[in-house]
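> Test case, fold it:
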Amino acid sequence: MKTALITGVTGQDGAVLAELLLEKGYSVHGLRSYSAVPDTARIEHLDDVVLHYGDMSDGGSLTRLIETIKPDEIYNMAGMSHVHVSFDMPELTADVNGLGPLRILDALRVLDTDKDIKFYQASSSEMFGRSPAPQSEETSFQPCSPYGTAKLHAYWSVRNYRDAHGLFASNGILFNHESAMRGEEFVTRKITKAIGEIEAGQRDKITLGNLDARRDWGHAKDYMAGAHAILQHDKADDFVLASGQSYSVRDFVERAFAVIDIQIEWQGEGVDEVGVNVKTGQTLIDIDPALFRPKEVHELIGDASKAKEILNWSPKISFDKLVEEMVQADRIEGKSPMMRAA
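Numbers count the residues shown, from 1 in each chain. Next comes the predicted model:
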């Protein structure tokens, strides 16, 4: 039986990966930061995950944990995960997202274990920033945020420790991936949760930022299967995981409302643009300039040809299916007890 350690196990990716590895017969350990409020809702159904307290800013705790567990594989899914917030917390983002992975890599370098531990780093398409699409493993990096910059530091740390110290350390450069477990601070989940509340009569509209920001969106289940495949490859390497298709926030909104049979019509321009219900004329979407990023990337579209050729990996869940799944999950959560009973 293989043993895996997942940092950030209480987040979307950590929870999805933990379930996948348990299904494959792994013994799964998860790293969680101390919190005074419950933070394990995403993994409550996974009774076999062994949880440990630790922190990506505490190299000593990471080293002791690795030495104690002696995992076959480590998946680093921990981090400050919100790009917009990274502009407000750049130092914390750099420490956790940039130096955190370095602390694990250095622990692997100095620990005397009886096995070669494989390390996976959750790198990000945000490292590409304003580089022209489509982006592959050969595309230059031009990060546009503290988040992207910190992820790039970790990416190069992985490559450096792999080349200089012979570690089995790989980067998965993942483009945007969502699920019903996505945090409510992310625009996709913000939209689907608000739709559930609008349908339930609990709110009137959604306030968004840049409707024309475009992303390559996929399903977290597909991407975590790809992360696992990266560490099963016979040598450490770096892989882009992406769908190769680009959609705007506007596209996501239109498809999400369509799930509850509402057609959106756009009126006005710029920050005065609104989205209205075609049937009723009700304004359901408006714009707040404060929600725009200080520096927006142009377009992120991944080229996952290398992963398809070498790992036989490609996404299986479509964009429309992803959107529908997220909306349906939040329709259940958003409805009042009276409406659920009906």
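> From here on, just use CA atoms for contacts and neighbour counts.
Fine.
> who's in contact with the residue nearest to the spatial centre of the chain?
For the chain, the residue nearest the mean C-alpha position is residue 177 (5.5 Å; CA atoms, centre = their mean). When contacts are counted by CA atoms under 8 Å, 6 or more residues apart in numbering, residue 177 touches 217-220, 223.
> Could you tell me which of those belong to strands?
218-219 (DSSP state E).
> Adding neighbour count, pLDDT and distance to residue 83, write the contacts of residue 177 out as JSON lines.
Below are the contacts of residue 177 laid out as JSON lines (neighbours: other CA atoms under 10 Å; pLDDT from 0 to 100; distance: CA to CA, whole Å):
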{"residue": "217", "neighbour count": "27", "pLDDT": "96", "distance to residue 83": "16"}
{"residue": "218", "neighbour count": "28", "pLDDT": "97", "distance to residue 83": "18"}
{"residue": "219", "neighbour count": "23", "pLDDT": "98", "distance to residue 83": "19"}
{"residue": "220", "neighbour count": "26", "pLDDT": "98", "distance to residue 83": "18"}
{"residue": "223", "neighbour count": "27", "pLDDT": "98", "distance to residue 83": "19"}
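> now, which of the contacts of residue 177 sits nearest residue 253?
Nearest to residue 253 among those, counting by CA to CA, is residue 217 at 13.3 Å.
> So for residue 83, what's the nearest residue that isn't a sequence neighbour?
Nearest residue to residue 83 in three dimensions, chain neighbours excluded: residue 147, at 5.5 Å (CA to CA, 6 or more residues apart in numbering).
> Would you confirm that that neighbour belongs to a helix?
Yes. The assignment for residue 147 is a helix, going by DSSP: H, G, I helix; E, B strand; the rest coil.
> on that earlier part again, phi, psi of the residue nearest to the centre of the chain?
Phi and psi for residue 177, reported as degrees, to the nearest 10, are phi -140, psi 140.
> Can you name the residues bridging to it?
residue 218 (DSSP bridges).
> Would you check how far apart it and residue 109 are?
Using CA to CA, to the nearest Å, we find residue 177 at a distance of 31 Å from residue 109.
> what does residue 119 give?
Distance of residue 119 to residue 109, given as CA to CA: 11 Å.
> more neighbours, those two?
Between residue 119 and residue 109, counted using other CA atoms under 10 Å, residue 119 has the larger neighbour count: 28 against 15.
> Output whichever helix or strand the more buried one is part of as CSV - backbone C-alpha positions only.
Per DSSP states H and E, residue 119 falls inside strand 118-124. Output of strand 118-124 as CSV, limited to C-alpha atoms (Å, rounded to 0.1, in the frame of the first residue of the first chain):
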residue,chain,number,x,y,z
LYS,A,118,8.0,11.8,-5.0
PHE,A,119,6.9,15.4,-4.8
TYR,A,120,4.2,17.1,-6.7
GLN,A,121,3.9,20.9,-6.8
ALA,A,122,0.6,22.6,-7.7
SER,A,123,1.9,25.2,-10.1
SER,A,124,-0.5,27.5,-11.8
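> Can you list the buried residues in it?
Buried positions in strand 118-124, judged by neighbour count with 16 or more other CA atoms under 10 Å: 118-124.
> so which of the residues you listed would you say is closest to residue 86?
Distance to residue 86, by CA to CA, is smallest for residue 124 among the buried residues of strand 118-124, at 14.0 Å.
> ok, now how distant is the closest one from residue 217?
13 Å.
> where do the contact lists of those two overlap?
Common neighbours of residue 124 and residue 217, counting by CA under 8 Å, 6+ apart, are residue 175.
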